[in-house]
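K.L.:
Turn this into a structure:
(chains A and B)
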Protein chains: 2
Amino acid sequence: MRSVCVVGLGLIGGSVLRAAARAGRVAWGATASRADAEAARADGHDVVDLAEALDRAREQDALVVVAVPLPAVEEVLRALPEGVRLTDVVSVKGPVADLVERVAPHARYVGGHPMAGTSASGWSAGRADLFEGAAWVVTVDEGTDLDVLTDVTELALAAKAHVVPTTAREHDAAVARISHLPHLLAAVLASVGADGGPLALALAAGSFGDGTRVAGSRPELVRAMCEGNRSALLDAVDDALGRLGAARGSLASTGGLAKTIDVGHAGRMALQNQPALSDLTLDLTAPDVLEALRDLGSAGGRIVGLNGTTVLARTP
Amino acid sequence: MRSVCVVGLGLIGGSVLRAAARAGRVAWGATASRADAEAARADGHDVVDLAEALDRAREQDALVVVAVPLPAVEEVLRALPEGVRLTDVVSVKGPVADLVERVAPHARYVGGHPMAGTSASGWSAGRADLFEGAAWVVTVDEGTDLDVLTDVTELALAAKAHVVPTTAREHDAAVARISHLPHLLAAVLASVGADGGPLALALAAGSFGDGTRVAGSRPELVRAMCEGNRSALLDAVDDALGRLGAARGSLASTGGLAKTIDVGHAGRMALQNQPALSDLTLDLTAPDVLEALRDLGSAGGRIVGLNGTTVLARTP
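P.N.:
Numbering: from 1, shown residues only, chains lettered A, B, ... in the order given. Below is the predicted model of the structure:
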């Protein structure tokens, strides 16, 4: 089993380190946060400084997991040993891939994004089981290193996540729609509600509570997440503006909202009634395997196991 | 204790009839739905046809509670006896007040809106305790009949709700922001998410699930609710469009979302950390009591009891 070096020991990185250790991997970490380092050591984990952590990674040909916020990624990339096996857990994939290409083109990089909560933070918020049952996106672009793709997939499966293979671009477009736009709309809704003054807040119940819940997340984390996915988020916001503007126009002219409400209902039903999944296997040695993996993710499928070079998948 | 005649025995009307009966009132109902009528009778309630129900209301000087959907209100109003004590439970108050003024100006009308769930419907979905702990808005406009205001307040308190007094206009503006706009934004978000295809839905988690939950409500109920509050909802939508457009502009130009996210966070905190309430009493015989009641509602306060002509209230 490949050793794992986790750089950054906040909620996600801390949980990766715990999950890797629980799965029996040789695993160590580094963090710029003295508090997180001390807490992790107190919990029995192996935490060293960044240089030593990366030296060890080179010696053991370990998988390095970059788990720092996007603005701190570049500094970590500059310190990497040549030809390192590399992944990350940042919530946006295109910008990280661009950074790797610019700063550490020697690295054998496969992007990752475990889709786990962001409302708490720091080592103390992490858990070994944080990723159980969650999707862990792994990027599959042209020229992706199958050996490192296997490393990242094995790590995600060891954390009891399922793996969703897709391109960096498709990932960023998808999360703009199902994660970043929801945060933006929650902020907008919370603002419009608060504009209604104490009466409005006193009358607020289920729909407003649900619709604004994630506006309670730490603003700096939400900003970093949304701003880091600028290009894809702009597309999603434009889609939302177009739809909300059309609703406005329809309400003002005919008084009707049928199209908006009916299409929205169909969208929610599509979320609730996702198709059942069937088993599928893919051969990692097949010449078109990268394309097959991307198709699997695009179709709403997932990797649930690895057996040698055989990928065990489930797909609609 | 004043008798109660409930017209319409769906979720809300059926729950009002149950709550009134549970509180020891003489209470009966009428409904155009044979299924609801049979189910209510089977549960031991007194259900008669509309003409007989309103005849009895005249004989007993009962409070008539109109609990039919907005499009069916006018027909009920046309059948009312002269000078009837009248309230309603429709989710929008200005349009109902306008209808009463036009069709049944003789009625002693005080509008009401118990803020309880709408995702299920029909008699079978109702419960005697549906309104426990909920806000029940009672409209206090110029010339409001204090005697009927007292009737409606007593009914709401008997159902264990608290009463929020406000004008029809302020009510409609508030619910546009905290109920109707959330439904519209949930529909927009669900549509934008579904546009992302199977991959997006496969990655959707907490924020998208929360933000689209009410898009799963029955479309015809959501449409009736939102379309019925057209004018106030247009204002709320314009506020949302302005804020989302500003976020779009900021993201496109500077890449920053600080203002949107920070103001939204403050709004959500205002919802979560509403000020503690202190006791207050109001005298229903005071000359400025209508204004005092409206001020109570505007400030985020509520009526929690009635003792003769003394209103027991709580206010921030």
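K.L.:
give the contact list for the residue of the stretch 51-200 of chain A found nearest chain B.
P.N.:
Nearest residue of the stretch 51-200 of chain A to chain B (CB to the nearest CB) works out as A:A187 at 2.5 Å. (C-beta placed from N, C-alpha, C; glycine too.) For A:A187, the contacting residues are A:A215, A:V222, B:A247, B:T260, B:I261, B:V263, B:G264, B:H265, B:G267, by CB atoms under 8 Å, 6 or more residues apart in numbering or on different chains.
K.L.:
Tell me the bridge partners for the residue nearest to A:V289 when sequence neighbours are not counted.
P.N.:
Spatial nearest neighbour of A:V289, chain neighbours left out: A:L282 (6.2 Å); criterion: CB to CB, 6 or more residues apart in numbering or on different chains. As for beta bridges, A:L282 partners with A:V311 under DSSP bridges.
K.L.:
Is it correct that A:L282 is in contact with A:T309?
P.N.:
No - at 9.3 Å, A:L282 and A:T309 do not qualify as touching, with contact defined as CB atoms under 8 Å.
K.L.:
Pick out whichever of these two has more residues nearby.
P.N.:
Ranked by neighbour count (other CB atoms under 10 Å in any protein chain shown), A:L282 and A:T309 place A:L282 first, with 20 against 13.
K.L.:
need the contact list for the more buried one.
P.N.:
Here A:L282 is in contact with A:V289, A:A292, A:L293, A:L296, A:T310, A:V311, A:A313 (CB under 8 Å, 6+ apart).
K.L.:
May I see the PyMOL selection of the buried members of the residues you listed?
P.N.:
This is how PyMOL selects the buried members of the contacts of A:L282, with burial counted by 16 or more other CB atoms under 10 Å in any protein chain shown:
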select buried, chain A and resi 289+292+293+296+311+313
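K.L.:
and the contacts of A:L282, which of them are in helices?
P.N.:
Secondary structure from DSSP state H places A:V289, A:A292, A:L293, A:L296 of the contacts of A:L282 in helices.
K.L.:
Just give me the closest of those residues to chain B.
P.N.:
Taking CB to the nearest CB as the measure, chain B lies nearest A:L296 of the ones in helices among the contacts of A:L282, at 9.9 Å.
K.L.:
list the contacts for the closest one?
P.N.:
Taking CB under 8 Å, 6+ apart, we find A:L296 in contact with A:P165, A:L280, A:L282, A:R302, A:I303, A:A313, A:T315.
K.L.:
A:L157 versus the third one, what's the distance?
P.N.:
With distances taken as CB to CB, to the nearest Å, A:L282 is found 14 Å from A:L157.
K.L.:
rewinding a little: quick check: ChimeraX command selecting the buried ones in the contacts of A:L296.
P.N.:
If you want just the buried ones from the contacts of A:L296 in ChimeraX, going by 16+ other CB under 10 Å, the selection is:
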select /A:165,280,282,302,303,313,315
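K.L.:
Which helix or strand contains the closest residue in space to A:K259 that isn't next to it in sequence?
P.N.:
Closest residue to A:K259 apart from its sequence neighbours, by CB to CB, 6+ apart: A:S250 at 6.8 Å. Here A:S250, judged by DSSP states H and E, is contained in helix A:230-253.
K.L.:
So which residues of the stretch 151-300 of chain A form helices?
P.N.:
A:168-175, A:181-195, A:197-203, A:206-212, A:219-227, A:230-253, A:258-272, A:289-298 (DSSP state H, counting those that start in this stretch).
K.L.:
Nearest approach to B:L63 belongs to which of the ones you listed?
P.N.:
helix A:197-203 (22.8 Å; CB to CB).
K.L.:
That closest one vs chain B: in contact?
P.N.:
Yes - Helix A:197-203 lies within reach of chain B by CB under 8 Å from any CB of the partner chain, at A:G197, A:P198, A:L199, A:A200, A:L201, A:A202, A:L203.
K.L.:
any chance of the residues you listed in a markdown table, plus pLDDT, distance to A:D36 and neighbour count?
P.N.:
What follows is those, written out as a markdown table (pLDDT from 0 to 100; distance: CB to CB, whole Å; neighbours: other CB atoms under 10 Å in any protein chain shown):
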| residue | pLDDT | distance to A:D36 | neighbour count |
| --- | --- | --- | --- |
| A:G197 | 95 | 41 | 17 |
| A:P198 | 96 | 40 | 19 |
| A:L199 | 97 | 44 | 27 |
| A:A200 | 96 | 40 | 26 |
| A:L201 | 94 | 36 | 21 |
| A:A202 | 94 | 41 | 26 |
| A:L203 | 94 | 42 | 25 |
